[in-house]
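> with the sequence up front, the predicted model follows.
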Protein chains: 2
Amino acid sequence: MNAEQCAALLREHDRILLVTHYNPDGDTVASASALCSALRRQGKTAYLYPNDQIGSRLRAYAGQFFAPEGFTPDYTVTVDVATEKMFARGFAGKVDLAIDHHPTNSHYAAAECIDDKRAACGEIVLKIIRALGGFVTKEEADMLYVALSTDCGCFQYANTDAHAFRTAAELLELGADNADINQVFFRQVSPARLKLEGMIYSAMRFYREGRIAVNLITQQMLRETGVTEEELDDIAGLVGRARGHRVGITIRENPDGTSKISARCGPDFDVSALCARFGGGGHKMAAGCNIQAPPEQACELLLQAIEELWA
Amino acid sequence: MNAEQCAALLREHDRILLVTHYNPDGDTVASASALCSALRRQGKTAYLYPNDQIGSRLRAYAGQFFAPEGFTPDYTVTVDVATEKMFARGFAGKVDLAIDHHPTNSHYAAAECIDDKRAACGEIVLKIIRALGGFVTKEEADMLYVALSTDCGCFQYANTDAHAFRTAAELLELGADNADINQVFFRQVSPARLKLEGMIYSAMRFYREGRIAVNLITQQMLRETGVTEEELDDIAGLVGRARGHRVGITIRENPDGTSKISARCGPDFDVSALCARFGGGGHKMAAGCNIQAPPEQACELLLQAIEELWA
């Protein structure tokens, strides 16, 4: 259904619970928060599922909407959730409406408002809020800007299209404070994170004339810098900054000494095949696995496997 | 004059030379290149002044338009040039038209097309090209996307407004390849640059509970990493990534052992006053100076001066 039909459906219901996905990102959390705010302005009782994985930056937007203990919804809506594996088990089979932009949505909900051409679910939610009552508040515009900008890497990622730019323009005109939001989400990180990046870039490894780039993050580095888990946001993306690389690997030492692998590549390799060799999986250009070996040894195993796949 | 009047004026002239500014950035070079392309499509003889400071990434767009030796223009146009100090001395008093977006434009040209509300001069040039003949080529759209995105930090800087987002949307619809351009200008850097960033972040200094952040770049670091001057692009911006800092200083050792200072701050300090103490200047929130002392000593002198100004 389209945004107008979705708004009409929401208007028919009350006691609405909005559910975000596991490993919550800006799009799921801030889109759900904006929709929750708009539903309340329509006189609805609406809450967010209190997803305890939501970090402090996003909690600043979502926390005010967390459902109190014991709240039993009459209508359950997921926002930006592709499959039932992506949210708390208790909701399986009980989702009334899915609002989503993933082409991989597994059609788990009774009703759907899906537009897989949109860079962010926030773009769909903006339309739904407009259809609900016309008006969009400054706070909702801020939230939707967070949703959009985080899902397209502040307009750097390849999913940024003309529609995303036009949505951004609209949100700024609605009062979204892009300068402040960009500082918090994109421009600034903690001194501990900067110290860790210093260590990572200093120790970055290149193989095969720079075609393979490897970042190695040890428990020692995490302890020494004192970074929190939240400060590790997108740490596997750093390897992608190396010009000329075709395969980028991030090896992170687990607390038990084994290695967690994140692999990314350009169109002329297949990291899902690489990770499958170690029992992992993912997409052709972004995949992951765990290797039951310390980082240095995992690195050797991965390099061997890449050579074999390249041969 | 507006874009239509500017286009009409350009149509009246031929043998046009487009002049870019010193320390050329993406906006001056790519805007001038796009305009040069459009003027040639109108049957004009048009060239770019062969600004030898243009680095390889921008030369890929501009090089094809460089004026041959001996070309004598009948009409000289500056693009994105605020003052006569910003271009080759030979043009002083001889500029027929200035196309610019700087509020500080010193009105040195016989005619002006200035819109100081625009984030990038490329936005004005897009309107002029539209007015010249309606059509914008894919190559021109690429160039104007380079101009716009580089001047607003790929839509991260505070100058990014709704108009800038709408211009970006328009350029994408005209065929601009934002994904590829973002890779080259924003996402990827050389391994040598990454190694230098590693050194810089590892050695980053914080004073006054993190309110003062200092990056120090020595000749030793430049030699060891082998970075080129072009790879140092926006190196003084790295200090701005430190969350919680209010004054950010970058001290770069000159080849003769003295120190080049770049200082930036938030609204509660004035780095132009700081730099003025050392014979430099600039704006309240971004200024620079030279200190006739090695980096460590320069750092001490700056910290003392900041304390005094803060007192």
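Perfect, I can see it now. Numbers count the residues shown, from 1 in each chain, chains lettered A, B, ... in the order given.
> so is whichever strand or helix holds A:R130 next to chain B?
Secondary structure assignment for A:R130, by DSSP states H and E: helix A:121-133. No - Helix A:121-133 lies apart from chain B when judged by Cβ under 8 Å from any Cβ of the partner chain; the minimum separation is 12.7 Å. Glycine gets a C-beta too; all of them are placed from N, C-alpha and C.
> now stretch A:292-305 - C-alpha only, CSV.
Included here for stretch A:292-305 are C-alpha records, laid out as CSV according to Å, rounded to 0.1, in the frame of the first residue of the first chain:
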residue,chain,number,x,y,z
GLN,A,292,38.5,-20.0,15.6
ALA,A,293,42.0,-18.6,15.6
PRO,A,294,43.8,-15.6,16.9
PRO,A,295,43.9,-12.5,14.5
GLU,A,296,47.4,-13.1,13.0
GLN,A,297,46.6,-16.7,12.2
ALA,A,298,43.1,-15.7,10.9
CYS,A,299,44.8,-13.1,8.6
GLU,A,300,47.1,-15.8,7.1
LEU,A,301,44.1,-18.1,6.5
LEU,A,302,42.1,-15.4,4.8
LEU,A,303,45.0,-14.3,2.6
GLN,A,304,45.5,-18.0,1.5
ALA,A,305,41.8,-18.3,0.8
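> now that stretch: average pLDDT?
Mean pLDDT, computed over stretch A:292-305, is 98.
> chain center to that stretch: distance?
Between the centre of stretch A:292-305 and the centre of its chain there are 28 Å (Cα atoms, centre = their mean, to the nearest Å).
> buried set for the following helix or strand past the helix holding A:R130?
Reading on from helix A:121-133 to the C-terminus, the next helix or strand found by DSSP H and E is helix A:138-151. Along helix A:138-151, the positions that meet the burial threshold by neighbour count (16 or more other Cβ atoms under 10 Å in any protein chain shown) are A:E140, A:A141, A:D142, A:M143, A:L144, A:Y145, A:V146, A:A147, A:L148, A:S149, A:T150, A:D151.
> stretch A:184-203 too?
Of the residues in stretch A:184-203, those with enough neighbours to count as buried (16+ other Cβ under 10 Å) are A:185-203.
> residues touching the nearest residue to A:R130 once chain neighbours are set aside, list them.
When the adjacent residues along the chain are set aside, A:R130 lies closest to A:V136, with 6.6 Å between them (Cβ to Cβ, 6 or more residues apart in numbering or on different chains). A:V136 sits next to A:A38, A:L126, A:I129, A:R130, A:L144, A:L174 when contact means Cβ atoms under 8 Å, 6 or more residues apart in numbering or on different chains.
> the second one: what's it in contact with?
Looking back up the chat, that one is A:L126. Contacts of A:L126 (Cβ under 8 Å, 6+ apart): A:A34, A:V136, A:L144, A:T167, A:E170, A:L171.
> quick check: pLDDT value at it.
Looking at A:L126, its pLDDT stands at 98.
> check the spacing between it and A:F65 real quick.
17 Å (Cβ to Cβ, to the nearest Å).
> what do you get for the fifth one?
When distances are taken as Cβ to Cβ, A:L144 and A:F65 turn out to be 15 Å apart.
> specify the local secondary structure of A:A263.
Following DSSP: H, G, I helix; E, B strand; the rest coil, the label given to A:A263 is strand.
> can you pull up the bridge partners for it?
Taking DSSP bridges, one finds A:I249, A:A287 as the beta-bridge partners of A:A263.
> and the residue nearest to A:R130, how far is that from chain B?
Taking Cβ to the nearest Cβ, to the nearest Å as the criterion, A:V136 is separated from chain B by 14 Å.
> go on, A:L97?
A:L97 sits 30 Å away from chain B, taking Cβ to the nearest Cβ as the criterion.
> which residues does that residue contact?
Counting by Cβ under 8 Å, 6+ apart, A:L97 makes contact with A:C6, A:L9, A:L10, A:Y75, A:T76, A:V77, A:T78, A:A109, A:A110, A:A111, A:E112, A:C113.
> same thing with A:S259?
The neighbours of A:S259, taking Cβ under 8 Å, 6+ apart as the test, are A:I251, A:R252, A:E253, A:N290, A:I291, A:A293, A:P294, A:P295, A:Q297, A:A298.
> now the strands for the stretch 201-311 of chain A?
With DSSP state E, counting those that start in this stretch as the definition, the stretch 201-311 of chain A shows strands at residue ranges A:205-207, A:212-217, A:247-253, A:259-265, A:281-282, A:286-291.
> strands paired with the fifth one, and their directions?
Which is strand A:281-282. For strand A:281-282, the paired strands and their directions (DSSP bridges) are strand A:286-291 (antiparallel).
> sorry, back to before: near chain B, from the buried residues of helix A:138-151?
Among those, none lies close to chain B by the criterion of Cβ under 8 Å from any Cβ.
> let me have those in CSV, extended by distance to B:I306.
Converted to CSV, these look like this (distance: Cβ to Cβ, whole Å):
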residue, distance to B:I306
A:E140, 40
A:A141, 37
A:D142, 33
A:M143, 37
A:L144, 39
A:Y145, 34
A:V146, 34
A:A147, 39
A:L148, 38
A:S149, 33
A:T150, 34
A:D151, 39
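> look up the closest residue to A:E140, ignoring the ones flanking it.
Using Cβ to Cβ, 6+ apart and skipping the chain neighbours, the partner closest in space to A:E140 is A:A34 (4.3 Å).
> what is the nearest of the contacts of A:L126 to chain B?
Proximity of those to chain B, judged by Cβ to the nearest Cβ, is greatest for A:E170, which lies at 7.6 Å.
> pretty sure that closest one sits in a helix.
Yes - when the secondary structure is assigned by three-state DSSP, A:E170 falls within a helix.
> can you give me the distance of it to A:H163?
Taking Cβ to Cβ as the criterion, A:E170 is separated from A:H163 by 10 Å.
> the more surrounded of those two?
With other Cβ atoms under 10 Å in any protein chain shown as the criterion, A:E170 and A:H163 differ in neighbour count, and A:E170 comes out ahead with 20 against 17.
> which residues touch the more buried one?
With contacts taken as Cβ under 8 Å, 6+ apart, A:E170 has the following neighbours: A:L126, B:A162.
> now A:R277
A:A305.
> which residues touch the helix or strand bottoming out on mean pLDDT in chain A?
Of all regular secondary-structure elements in chain A, judged by mean pLDDT, DSSP states H and E, the least confident is strand A:281-282 with a mean of 88. Applying Cβ under 8 Å, 6+ apart, the set of residues contacting strand A:281-282 from outside is A:A263, A:V271, A:S272, A:C275, A:A287, A:G288, A:C289.
> likewise for stretch A:47-57?
Contacts made with stretch A:47-57 from outside it, assessed by Cβ under 8 Å, 6+ apart, are listed as A:16-20, A:22-24, A:29, A:32-33, A:36, A:62-63, A:65-68, A:71, A:73, A:87-88, A:91, A:184-185, A:230, A:233.
> show the buried residues in those.
Members of the contacts of stretch A:47-57 that pass the buried threshold by neighbour count (16+ other Cβ under 10 Å) are listed as A:16-20, A:24, A:29, A:32-33, A:36, A:62, A:65-67, A:73, A:87, A:91, A:185, A:233.
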